[in-house]
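quick one, what's the 3D model for this:
(chains A and B)
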Amino acid sequence: SQKIEQNSEALNIQEGKTATLTCNYTNYSPAYLQWYRQDPGRGPVFLLLIRENEKEKRKERLKVTFDTTLKQSLFHITASQPADSATYLCALGTNAGKSTFGDGTTLTVKP
Amino acid sequence: DVKVTQSSRYLVKRTGEKVFLECVQDMDHENMFWYRQDPGLGLRLIYFSYDVKMKEKGDIPEGYSVSREKKERFSLILESASTNQTSMYLCASSSGGSHTDTQYFGPGTRLTVL
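Residues are numbered from 1 along each chain as shown, chains lettered A, B, ... in the order given. Below you'll find the predicted structure:
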């Protein structure tokens, strides 16, 4: 059956370090993968999209990689700040326009 | 900026009541979605719509129905609310017509069924 796994439910790191979040999937052939940020009591907010034929995408302190052989995406936040604390969701998309979301990883950046 | 609004942030209803959750988007998006989000279960798709008057079941449609009479508005209906429908409900929209559709979410409605 299709499955999306995000590394751990919670990740705690020290301010200034790089946070690395993992999204693994099985039995999918996604056309693209997206990462969203969700703050408590709010809806998810889109951050980055990477297509199946792209290896890496960057946006300011964010970097996403996509390895369709390993069926894995890594999401990096460099020089992390307490304001980066949130839940991060990965979502696999198909050409039909529908996305399937992972359960999310809650990141806490300690000052 | 895309704006997706939901009719209520918090709602308390009684078992057996009919519940309407409304969602409106202002960007002329083709696609609209309803999800529920529960701790440990993530975001689960209830229903989605690719066009006015069109709807398709998602992963957990049981106990729900939807209505899309106008392009900008997508309603989720709980015909007879039950306690296991207590959850956070999130509406989203996307532009459609593309194979890289970013979804824009509303703020969510936290529904409690007593």
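
C-alpha only now, for contacts and for neighbours.
Noted.

and the residue nearest the centre of chain B, how far from A:Glu15?
Central residue of chain B (CA atoms, centre = their mean): B:Trp34, 2.7 Å from the mean position. Using CA to CA, to the nearest Å, B:Trp34 is found at 36 Å from A:Glu15.

same check on B:Arg36?
33 Å.

next, count neighbours for A:Leu49.
22 (other CA atoms under 10 Å in any protein chain shown).

same check, this time on the one 4 residues further on
The number of residues packed around A:Asn53, counting by other CA under 10 Å, is 11.

helix, strand, or coil at it?
Secondary structure for A:Asn53, judged by DSSP: H, G, I helix; E, B strand; the rest coil, is coil.

spatially nearest residue to A:Trp13, not counting backbone neighbours?
Residue A:13: Ile, not Trp. Spatial nearest neighbour of A:Ile13, excluding adjacent residues (CA to CA, 6 or more residues apart in numbering or on different chains): A:Val109 at 5.1 Å.

how about the contacts made by that neighbour?
Each residue near A:Val109 by CA atoms under 8 Å, 6 or more residues apart in numbering or on different chains is listed here: A:12-15, A:80-85.

returning to that earlier point: which one's more surrounded, B:Arg36 and A:Glu15?
Per other CA under 10 Å, whichever of B:Arg36 and A:Glu15 has more neighbours is B:Arg36, with 21 against 18.

buried residues, the stretch of helix or strand that one belongs to. List them.
Assigned by DSSP states H and E, B:Arg36 falls within strand B:31-38. Within strand B:31-38, the residues scored as buried using 16 or more other CA atoms under 10 Å in any protein chain shown are B:31-37.

dump those into CSV; add distance to A:Leu89 and pLDDT as well.
Below are the buried residues of strand B:31-38 laid out as CSV (distance: CA to CA, whole Å; pLDDT from 0 to 100):
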residue, distance to A:Leu89, pLDDT
B:Asn31, 20, 91
B:Met32, 19, 94
B:Phe33, 17, 94
B:Trp34, 17, 97
B:Tyr35, 14, 96
B:Arg36, 14, 96
B:Gln37, 12, 95
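
distance to chain A added to these, as JSON lines?
Below are those laid out as JSON lines (distance: CA to the nearest CA, whole Å):
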{"residue": "B:Asn31", "distance to chain A": "8"}
{"residue": "B:Met32", "distance to chain A": "10"}
{"residue": "B:Phe33", "distance to chain A": "9"}
{"residue": "B:Trp34", "distance to chain A": "12"}
{"residue": "B:Tyr35", "distance to chain A": "10"}
{"residue": "B:Arg36", "distance to chain A": "11"}
{"residue": "B:Gln37", "distance to chain A": "9"}
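
let me know the secondary structure of B:Asp51.
Here B:Asp51 takes the coil state, with states given by three-state DSSP.

that one reaches B:Phe33, doesn't it?
No - using CA atoms under 8 Å, B:Asp51 is not in contact with B:Phe33; the gap is 11.2 Å.

ok, now which ones touch the nearest residue to the residue nearest to the centre of chain B once chain neighbours are set aside?
Distance criterion CA to CA, 6+ apart; nearest residue to B:Trp34, sequence neighbours excluded, is B:Cys91 at 4.6 Å. For B:Cys91, the contacting residues are B:4, B:6, B:23, B:32-35, B:105-106, B:108, by CA under 8 Å, 6+ apart.

before we move on, what about B:Gly42?
Taking CA under 8 Å, 6+ apart, one finds A:101-104 in contact with B:Gly42.

switch the cut-off to 10 Å
By CA atoms under 10 Å, 6 or more residues apart in numbering or on different chains, the contact list for B:Gly42 reads A:89, A:101-104, B:35-36.

appreciated, that's everything.
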